[in-house]
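Trainee: can you look at this prediction? I've put the sequence above it.
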Amino acid sequence: MAPHLRLLSSAFHLFIVVPLLLNGVVHCKTLKRDVKALNEIKASLGWRVVYAWVGDDPCGDGDLPPWSGVTCSTVSGSDYRVVTELEVYAVSIVGPFPLAVTNLVDLTRLDLHNNKLTGPIPSQIGRLKRLKILYSPALLIDEQ
């Protein structure tokens, strides 16, 4: 191969191929803990929410947007994202408060109002140390 073609080939790999390969590596990913919790919530909510929650990454994976009602933030100094807000209101959720919500420890806002949740809010809600706003059936807590 002629020297100028070798140089051109090397430049092609350096500027075109390498960034394409790295593109899949540098995408942020949602912490597995949050993905697991949201998948447990998804399994308990039924079709009204599930149809809008597609893909493997609740915070979006580049090709798919974040799941409806899920807001994420990047963890400072890392490539990972955490779920900071969950808004699943007025979708006719029936049954007990989804306990898996209490595993989303970076939540600052939780909105479950206008559903048909039954029973008490579980005591494990105390794990959510960053929670500032909680909307639940017949309940609004806003910590300033």
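Mentor: Thanks, I have the structure now.

Trainee: toward the C-terminus, what is the element adjacent to the worst-scoring helix or strand of the chain on mean pLDDT?
Mentor: Lowest by mean pLDDT, DSSP states H and E among the helices and strands of the chain is helix 18-26, with a mean of 38. Downstream of helix 18-26, the next assigned helix or strand under DSSP states H and E is strand 29-30.

Trainee: strands of this protein, residue ranges please.
Mentor: Ranges of strands in the chain, per DSSP state E, are 29-30, 70-74, 80-87, 94-96, 109-111, 116-118, 133-136, 139-142.

Trainee: what average pLDDT does the longest helix along the chain get?
Mentor: Longest helix in the chain by number of residues, with DSSP state H as the criterion: helix 32-45. Averaged over helix 32-45, pLDDT sits at 90.

Trainee: low-confidence regions, this structure specifically.
Mentor: 1-28, 46-50, 137-144 (pLDDT under 70).

Trainee: could you rerun that using 90?
Mentor: 1-28, 41-56, 61-65, 68, 78-79, 88-98, 112-122, 134-144 (pLDDT under 90).

Trainee: quick one: contacts for residue 67?
Mentor: 38, 52-55, 58-60 (Cβ atoms under 8 Å, 6 or more residues apart in numbering). For every residue, glycine as well, the C-beta is placed using N, CA and C.

Trainee: repeat the analysis, applying 7 Å as the threshold.
Mentor: The contact partners of residue 67, taken as Cβ atoms under 7 Å, 6 or more residues apart in numbering, are 52-53, 58.

Trainee: one more: residue 33?
Mentor: residue 103.

Trainee: for it, give its distance to residue 83.
Mentor: Here residue 33 is placed at a distance of 9 Å from residue 83 (Cβ to Cβ, to the nearest Å).

Trainee: roughly how far out does stretch 113-129 sit from the chain middle?
Mentor: Relative to the centre of its chain, stretch 113-129 is centred 19 Å away, using Cα atoms, centre = their mean, to the nearest Å.

Trainee: what's the end-to-end length of it?
Mentor: 21 Å (Cα to Cα, to the nearest Å).

Trainee: and for stretch 67-82?
Mentor: End-to-end for stretch 67-82, by Cα to Cα: 13 Å.
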